[in-house]
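Asker: Starting from these lines, generate the structure:
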Amino acid sequence: MQAIGELFRKNIRQYGMIIALVFITVLFQILTDGILLKPLNITNLILQNSYILILAIGMVLVIITGHIDLSVGSVAAFIGALAAIMMVDMQLHPFVAVILSLLIGALIGAWQGFWVAYVNIPAFIVTLAGMLLFRGLTMIVLGGQSIAPFPKSFQKISSGFLPDWLGGGSLHVLTLVLGILLSLLVVWQEYRERRTRIKYRFEVPALWIFGLKLAALVVVLNLFTYVLATYHGIPNILVILFFLIVIYSFVMNRMIAGRHIYALGGNEKAAKLSGVKTKKVTFWVFVNMGALAALSGLIFAARLNSATPKAGTNFELDAIAACFIGGASATGGIGTVYGAIIGGLVMGVMNNGMSLIGLGVDWQQGIKGLVLLLAVAFDIYNKSKTQ
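Answerer: From the prediction side, this is the model:
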């Protein structure tokens, strides 16, 4: 028990939110009489929160550098509007339209990153201006009306599923196989990381704790894929999310670019003296945020099957809340991609659960605001204890 307590104390940010997610899930599973974890609802949870999770991945990088981006919801709406014009009005091929949309999103991020990094205008002001600017441009581009429908191939980005190439019946066999393969990959990766830590004489948890952790990961992962297999299998958007999480986690944990982002957020002056090109790092973080906001806008438009003037409303608040709930620090330098995803799932399960039990939007907004406040207060309390 002492070893478990020590492990939890050292990883309180990571494990605290996982425990909170489990608690909230169990609570709403009971309150909704088992509806929350039904295969159909779990699939809906993934589809409903995919665009927020994508934004959270980009937003956590911005927050780690010590900045904020309030424009992502408006940028997502603007890109969705441009995509509709390209695909519906101009009849461009969806692949070409998607590539152009992502490039425009990156250019928008570059525009905002320039003002933040090289002109030294606070990101809050720049992105607040961007929020107003791109919301207005969305209204202008759409003329105050929705544009629909999108081509079927584009809709499948958000509403399609991986085909069962293994030809299962009532169960989606490919999903089960992928769950098993992913479990083996997780076990191998965790074992490899443990061996590396032992080799360099870093502290590692006891072997039985390590085994318990692996068993829990394997069980949860295979239960999750089994539930998906009983419906239509793995949604296409989940595949996109998986690759984004893996790529961005690798960049932040294993690459020089990730270390520079953490260094910039931890202490900008020290990072600059250490040779980190702080302006360049800030600039590219905003370029990345613009591209991910564009991807989020495309996915939201594909899910709605239309581009609407009100799309993206409050997306920035949900993405920021996901990052802070997932353990990112309001002062920068601290945060993880996995934590942002956990925070996004906490928000998603709360939204879904409260809707299922019939709570109104007013109550939902109030409760989410309280959870966000408590998460930031928890972060400040932990930092004060370590000082």
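
Asker: Let me see the backbone angles for residue 90.
Answerer: phi -90, psi -10 (degrees, to the nearest 10).

Asker: Give the residue spans of this structure that score low on pLDDT.
Answerer: Along the chain, the model assigns pLDDT under 70 to residues 1-15, 168, 379, 382-387.

Asker: could you say which helix or strand contains residue 297?
Answerer: helix 278-304 (DSSP states H and E).

Asker: That helix packs against which elements?
Answerer: Packing partners of helix 278-304 (3 or more C-beta pairs under 8 Å, 6 or more residues apart in numbering; DSSP states H and E): helix 39-64, helix 72-84, helix 94-117, helix 152-159, helix 256-266, helix 268-273. Backbone N, C-alpha and C define where each C-beta goes, glycine included.

Asker: So which bits of the fifth one are buried?
Answerer: Buried positions in helix 256-266, judged by neighbour count with 16 or more other C-beta atoms under 10 Å: 258, 260-266.

Asker: Dump those into JSON lines; add distance to residue 112 as well.
Answerer: Converted to JSON lines, the buried residues of helix 256-266 look like this (distance: C-beta to C-beta, whole Å):
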{"residue": "258", "distance to residue 112": "21"}
{"residue": "260", "distance to residue 112": "19"}
{"residue": "261", "distance to residue 112": "17"}
{"residue": "262", "distance to residue 112": "21"}
{"residue": "263", "distance to residue 112": "22"}
{"residue": "264", "distance to residue 112": "17"}
{"residue": "265", "distance to residue 112": "18"}
{"residue": "266", "distance to residue 112": "23"}
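
Asker: Looking at the helices and strands packed on helix 278-304, spot the one closest to residue 338.
Answerer: helix 39-64 (9.6 Å; C-beta to C-beta).

Asker: starting at the chain centroid, how far to that closest one?
Answerer: 4 Å (C-alpha atoms, centre = their mean, to the nearest Å).

Asker: what residues does stretch 349-369 touch?
Answerer: 21, 24-25, 27-28, 31-32, 35-36, 41, 44-45, 48-49, 321, 347, 371 (C-beta atoms under 8 Å, 6 or more residues apart in numbering).

Asker: Kindly report the same for stretch 264-283.
Answerer: Against stretch 264-283 from outside (C-beta under 8 Å, 6+ apart): 63-67, 110, 113-114, 116-118, 257, 260-261, 263, 332-334.

Asker: Quickly note the distance from the spatially most central residue of the chain to residue 300.
Answerer: The centre of the chain sits closest to residue 53, judged by C-alpha atoms, centre = their mean, with a distance of 2.6 Å. Counting by C-beta to C-beta, to the nearest Å, the gap from residue 53 to residue 300 is 12 Å.
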